[in-house]
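> okay, predicted coordinates and the sequence, questions at the end:
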Amino acid sequence: MNCPMENREGEELLLNYVSGALDAQAAASFDQHMLSCAACREFAHGQKAVWKALDLFEPAAISADFDRRLYQRIEKVSWWDRMVAALRSPMLTHRGLPIAAAAAALLVAGVVWERPSAPPAKQKAPLSAEVQTLQPDQVQHALDDMEMLREFNHLMRSEPESKM
């Protein structure tokens, strides 16, 4: 018999042997192998110790008012802790991040699109501070885009709640 410790399928064989799930012939074959293989012997001994410890484990009794105390503790969580938990949630990273990136791309595209193209300036003496003015309609378009994105983001956040 090849040593089961050498391949991934062998790990399953070892665990089945220790748990007693192998048929009699396979168990006898593995017993013969363990006489000559110290690694398998050590693994089987360790796993048997774990199984015995799990058999002896007695879970603690749960008090009758466990649910009530749990819900009281959940209610005591501050709004700050909830905000931090929301920022760490997978929903934000899986949905919020792409939405924010799309919003930023739309904003940049809108600014670039609305900006009038100017011919290249002739090189003069070194320039000092230069102030660029924006047209009121450019500012209004940017604010409208931001409002649309805020409403879109609000709709995306409310979708999972409505499915439940």
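Alright, I've got the coordinates. Residues are numbered from 1 along each chain as shown.

> residue boundaries of the helices in this structure?
Using DSSP state H, the helices of the chain run over 8-19, 24-36, 38-56, 66-75, 79-87, 90-91, 97-114, 136-163.

> highest mean neighbour count out of the ones you listed?
Looking across the helices of the chain with neighbours counted as mean count of other CB atoms under 10 Å, the highest average goes to helix 8-19: a mean of 15. Placement of C-beta: from N, CA and C, glycine included.

> what helices and strands are in contact with that helix?
helix 24-36, helix 38-56 (3 or more CB pairs under 8 Å, 6 or more residues apart in numbering; DSSP states H and E).

> adding distance to residue 2 and mean pLDDT, write the helices of the chain out as CSV.
CSV is the format used below for those (distance: least, CB to CB, whole Å; pLDDT from 0 to 100):
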stretch, distance to residue 2, mean pLDDT
helix 8-19, 8, 79
helix 24-36, 9, 86
helix 38-56, 11, 86
helix 66-75, 51, 86
helix 79-87, 50, 76
helix 90-91, 43, 66
helix 97-114, 48, 84
helix 136-163, 51, 78
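
> picking that back up, to residue 107, which of the helices and strands packed on helix 8-19 lies closest?
helix 38-56 (57.0 Å; CB to CB).

> contacts for that closest one, please.
3-5, 14-15, 17-19, 30, 33-34 (CB atoms under 8 Å, 6 or more residues apart in numbering).

> relative to residue 111, which of these is nearest.
Among the contacts of helix 38-56, and counting by CB to CB, the member closest to residue 111 is residue 15, at 60.9 Å.

> contacts only, for the closest one.
residue 47.

> that one and residue 45, how far apart?
14 Å (CB to CB, to the nearest Å).
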